[in-house]
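> the sequence isn't on hand, but the structure is:
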Ligand SMILES: NC(=O)c1ccc[n+]([C@@H]2O[C@H](COP(=O)([O-])OP(=O)(O)OC[C@H]3O[C@@H](n4cnc5c(N)ncnc54)[C@H](OP(=O)(O)O)[C@@H]3O)[C@@H](O)[C@H]2O)c1
């Protein structure tokens, strides 16, 4: 049993609450949302060897908040296989919000054959939880990162986190400006959190044999998409879904990405922390477009 100190919000919590979660099975009601969090172990089940009472642990991406009750609660019953120690020097706030979004970013970057050093990586929705994580990881892996955000202030922050170039996706000239900046090169890998009407622009800036990792579709379905735009550059599009990983795969991903973050000195970015009874306000903040992660403080 884990006594939670902080939990982080994700758009998927909203999708579940609104019956829009794109998985075939939804949890029985009543349900407690929340996938991310950090806390102290207050009770250990019979036969569990790898943790003791008093240990502080992060929850790795698991069924918590999906098919089991989640982290928007004072206490949570969870398998010790889904827990991991807090990396040295991280605050509780940083620890509460990293495991899901950094795993999503890392998988999206590594789900194809390995990228050559100095590849061009485009990140849409770059200011969000997954976006910031992907920008930091791609920069730490030695790639040239292009980040899209509709907000100038957030573009500036993204450059300070490792993006070489930033653009506003609502400016219709951005694909042309990017092509000019890259000279004759196109994008090698795009990590797309947005979908919707932005997607054809993402396809337009891809280079030969470019790959597009689909992570989210915050702007909904892609209207009137022409598959003919994929042929001449032999583009590939693939969906990444963390939910289908085993606890072993999830832990391996966490260990690999933590190594990349530690070597680069990258840390989770917090947008805002709300008190537990301000969960509705916290969700409002999330839907307005954060810069990093939105958290709630439960048992400080
Ligand atoms: N496949 C998986 O396993 C997996 C795992 C984790 C997350 N996801 C999905 O990945 C997506 C991103 O998650 P997140 O946690 O990064 O979200 P987030 O923290 O809410 O941020 C997304 C960012 O995208 C931009 N944005 C939001 N709505 C937009 C719209 N309609 N059009 C254009 N830009 C928009 C905003 O940036 P600006 O305002 O700065 O433009 C916002 O800051 C979600 O759909 C989530 O469910 C999937």
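Here it is on my side, so go on. What you are looking at is a predicted structure, and each value in this text was computed from that prediction instead of being measured.

> quick one: name the residues of this protein near the ligand.
Within reach of the ligand by Cβ under 6 Å from any ligand atom, the chain has these residues: 10-12, 100-101, 104, 125, 127-131, 149-151, 154, 193-194, 215-219, 240-243, 286, 289-290. Every residue, glycine included, has its C-beta placed from N, CA and C.

> now, of the residues you listed, which are buried?
10-12, 100-101, 104, 125, 127-131, 149, 154, 193-194, 215-219, 240, 242, 286, 290 (16 or more other Cβ atoms under 10 Å).

> for the lowest-mean-pLDDT helix or strand in the chain, packing partners?
In the chain, the helix or strand scored least confidently by mean pLDDT, DSSP states H and E is helix 11-17, which has a mean of 93. When contacts are defined as 3 or more Cβ pairs under 8 Å, 6 or more residues apart in numbering; DSSP states H and E, helix 11-17 packs onto helix 279-288.

> other SSEs contacting the helix it packs on?
Applying 3+ Cβ pairs under 8 Å, 6+ apart, we find helix 279-288 packed against helix 11-17, strand 270-275, strand 293-297.

> tell me the contacts of the closest residue to the ligand within the chain?
At 1.9 Å from the ligand, residue 128 is the closest residue in the chain, using Cβ to the nearest ligand atom. Listed by Cβ atoms under 8 Å, 6 or more residues apart in numbering, the contact partners of residue 128 are 11, 193, 218, 289-290.

> so how far is residue 103 from residue 215?
Distance from residue 215 to residue 103, counting by Cβ to Cβ, to the nearest Å: 11 Å.

> please apply the same query to residue 142.
Between residue 142 and residue 103 the computed distance is 20 Å (Cβ to Cβ).

> which one of those two is surrounded by more residues?
The neighbour comparison of residue 142 against residue 103 (other Cβ atoms under 10 Å) goes to residue 103, with 24 against 12.

> the more buried one should be in a helix, yeah?
Yes - assessed with DSSP: H, G, I helix; E, B strand; the rest coil, residue 103 lies in a helix.

> for it, report the pLDDT, please.
The confidence metric pLDDT takes the value 98 at residue 103.

> isn't it up against residue 252?
No - shown here, residue 103 and residue 252 do not form a contact pair, counting by Cβ atoms under 8 Å, at 10.1 Å.

> buried sites along the longest helix belonging to the chain?
In terms of residue count, the longest helix belonging to the chain (DSSP state H) is helix 247-264. Of all the residues in helix 247-264, those buried under the rule 16+ other Cβ under 10 Å are 250-251, 253-254, 257-258, 260-261.

> stretch 22-30 too?
Neighbour counts over stretch 22-30 (16+ other Cβ under 10 Å) mark residue 27 as buried.

> now that stretch: average pLDDT?
The pLDDT scores in stretch 22-30 average 82.

> run the chain-centre distance for stretch 222-235.
Its chain's average C-alpha position is 26 Å from that of stretch 222-235, according to Cα atoms, centre = their mean, to the nearest Å.

> between the two ends of that stretch, what distance do you get?
In stretch 222-235, first residue to last residue: 17 Å (Cα to Cα, to the nearest Å).

> what does stretch 15-25 give?
Stretch 15-25 has an end-to-end distance of 13 Å (criterion: Cα to Cα).
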